[in-house]
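# got a structure for you, letters missing:
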């Protein structure tokens with residue numbers, strides 16, 4: 001098998017993949033503003049790169065175009081792929097793009113809705129549809145003849161052999177993605193398919209995370225040798241201890257610079273703690289979009305990330321409504 005390498009997120013993009021939201025039960029009682037949040041995201045990203053939007057049919061495309069026009073998105077930089085979806089979290093159900101030499105390959109990992117929900121069959125077909133639209137070859141990663149379940153939000157890479165992930169997501173028997181696959185098995189899978197030489201295993205994700213431990217809510221590479229990691233200053237908060245342990249693990253990695261990223265104050269809706277985190281930012285060509293929460297820490301987090309990305313605009317996108325769907329910008 002030819003060698004694969006998963007690029008870091010800051011490497012040049014051909015475009016960004018999104019799916020237009022339609023599942024009202026993902027934002028129960030609060031769906032109405034969500035398409036407008038997407039409109040603002042597409043408006044921002046379309047200034048810098050092509051945005052490929054998955055829509056389920058022509059009617060949904062018309063409604064999306066109407067919103068994007070009113071948001072003043074650059075429609076010349078928006079392309080549509082027609083394909084029905086169960087949900088719109090493309091970071092997890094879409095393909096992971098790897099390079100084989102200079103060739104883009106769509107890695108079609110199995111998607112089973114975070115080993116939690118029964119309706120995932122449409123989303124599992126998204127990688128093939130995207131590859132067809134882009135005229136890319138596809139590969140289906142396997143281990144012991146079984147397709148491997150892997151979500152993009154569960155991993156983060158620096159593009160030069162280092163990966164972040166969590167034990168809670170990949171090694172727990174709760175929401176177990178790949179029964180029987182061990183830590184060393186995963187490390188071999190990542191080496192084979194993503195060009196990973198070393199996996200940094202963090203412990204747990206934040207409270208309220210529906211995925212059971214995705215790393216993109218807690219710790220992220222911002223360059224090949226620097227990681228930002230979420231920290232909680234309130235010792236009485238449920239996230240305090242687990243984020244401290246993750247930080248200690250990162251500090252033990254030789255040659256890795258660790259930068260603290262604050263957590264916003266707890267965000268609760270209908271009695272449910274939501275997974276609000278500034279670490280769920282997304283790096284595009286020329287811009288970093290960062291979820292904000294009408295919180296005093298918004299400007300602190302934006303300032304930290306602006307210092308770390310001097311060549312890009314750093315723009316906050318209000319995610320107070322979006323996070324009710326239990327994910328924000330990077331998850332999309």
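Thanks, I have it. Remember, it's a predicted structure, so these values are computed and weren't measured experimentally.

# other SSEs contacting the one helix or strand residue 190 maps to?
Element membership of residue 190 [criterion: DSSP states H and E] is helix 183-194. In this structure, helix 183-194 makes packing contacts with strand 96-100, strand 162-166, strand 198-202, judged by 3 or more Cβ pairs under 8 Å, 6 or more residues apart in numbering; DSSP states H and E. In short, each C-beta sits where N, CA and C put it, glycine included.

# What's the separation between the closest residue in space to residue 65 that isn't next to it in sequence and residue 182?
Of all residues beyond its chain neighbours, the one nearest residue 65 is residue 75 (7.0 Å), with distances taken as Cβ to Cβ, 6 or more residues apart in numbering. Here the distance between residue 75 and residue 182 works out to 48 Å (Cβ to Cβ, to the nearest Å).

# still on that earlier bit, show me which positions of the helix holding residue 190 end up buried.
Along helix 183-194, these residues count as buried under the neighbour rule (16 or more other Cβ atoms under 10 Å): 186, 187, 189, 190, 191, 193, 194.

# residue farthest from the centroid of this structure?
For the chain, the C-alpha lying farthest from the average C-alpha position belongs to residue 236; by Cα atoms, centre = their mean, that distance is 28.2 Å.

# mind checking pLDDT for that residue?
Looking at residue 236, its pLDDT stands at 98.

# now swap in the one 3 residues further on and tell me
Per-residue confidence (pLDDT) for residue 239: 98.

# my guess is it meets residue 264, correct?
No - under the criterion of Cβ atoms under 8 Å, residue 239 makes no contact with residue 264, lying 10.7 Å away.

# how about the strands in the stretch 51-200 of the chain?
51-55, 78-82, 96-100, 103-107, 138-139, 142-143, 146-147, 156-157, 162-166, 198-202 (DSSP state E, counting those that start in this stretch).

# Which one of the ones you listed lies nearest to residue 26?
Comparing the strands of the stretch 51-200 of the chain by their distance to residue 26 (Cβ to Cβ), the top pick is strand 51-55, with 15.1 Å.

# buried residues in stretch 254-271?
Residues 256, 258, 261, 262, 263, 264, 266, 267 are the ones in stretch 254-271 that count as buried (16+ other Cβ under 10 Å).

# Could you dump the residues you listed into JSON lines with secondary structure added?
Conversion of these to JSON lines gives the following (DSSP: H, G, I helix; E, B strand; the rest coil):
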{"residue": "256", "secondary structure": "coil"}
{"residue": "258", "secondary structure": "strand"}
{"residue": "261", "secondary structure": "strand"}
{"residue": "262", "secondary structure": "strand"}
{"residue": "263", "secondary structure": "coil"}
{"residue": "264", "secondary structure": "coil"}
{"residue": "266", "secondary structure": "coil"}
{"residue": "267", "secondary structure": "coil"}
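
# Identify, from the residues you listed, the entry nearest to residue 172.
Checking the buried residues of stretch 254-271 against residue 172 by Cβ to Cβ gives residue 263 as the nearest, at 22.4 Å.

# any idea how far the closest residue to the closest one other than its chain neighbours is from residue 187?
Sequence neighbours aside, residue 232 is the residue nearest to residue 263 in space, at 4.8 Å (criterion: Cβ to Cβ, 6+ apart). Using Cβ to Cβ, one obtains 29 Å as the distance from residue 232 to residue 187.

# and if you look at residue 119?
When Cβ to Cβ is the yardstick, residue 119 and residue 187 sit 31 Å from each other.

# How about residue 202?
14 Å.

# And for residue 284, the neighbour number?
If you count neighbours by other Cβ atoms under 10 Å, residue 284 ends up with 21.

# Could you double-check that it sits in contact with residue 14?
No - with contacts defined as Cβ under 8 Å, residue 284 does not count as touching residue 14, sitting 11.2 Å away.

# Which pLDDT value belongs to residue 23?
pLDDT recorded at residue 23 is 96.

# and the closest residue in space to it that isn't next to it in sequence, what does it touch?
On the basis of Cβ to Cβ, 6+ apart, the spatially nearest residue to residue 23 that is not a chain neighbour turns out to be residue 87, at 5.5 Å. By Cβ atoms under 8 Å, 6 or more residues apart in numbering, the contact list for residue 87 reads 19, 23, 26, 93, 113, 123.

# Relative to the whole chain's centre, how far out is stretch 305-321?
Here the centre of mass of C-alpha atoms in stretch 305-321, compared against the chain's by Cα atoms, centre = their mean, to the nearest Å, lies 15 Å away.

# Look at it and report the distance between its end residues.
Start-to-end span of stretch 305-321 (Cα to Cα, to the nearest Å) is 22 Å.

# those helices in the stretch 201-332 of the chain, which residues are they?
240-251, 298-308 (DSSP state H, counting those that start in this stretch).

# just so I know, which of these lies nearest residue 155?
Nearest of these to residue 155, taken as Cβ to Cβ: helix 240-251 at 14.8 Å.

# ok, back up a step: which one of the buried residues of helix 183-194 sits closest to residue 139?
Nearest to residue 139 among the buried residues of helix 183-194, counting by Cβ to Cβ, is residue 193 at 7.7 Å.
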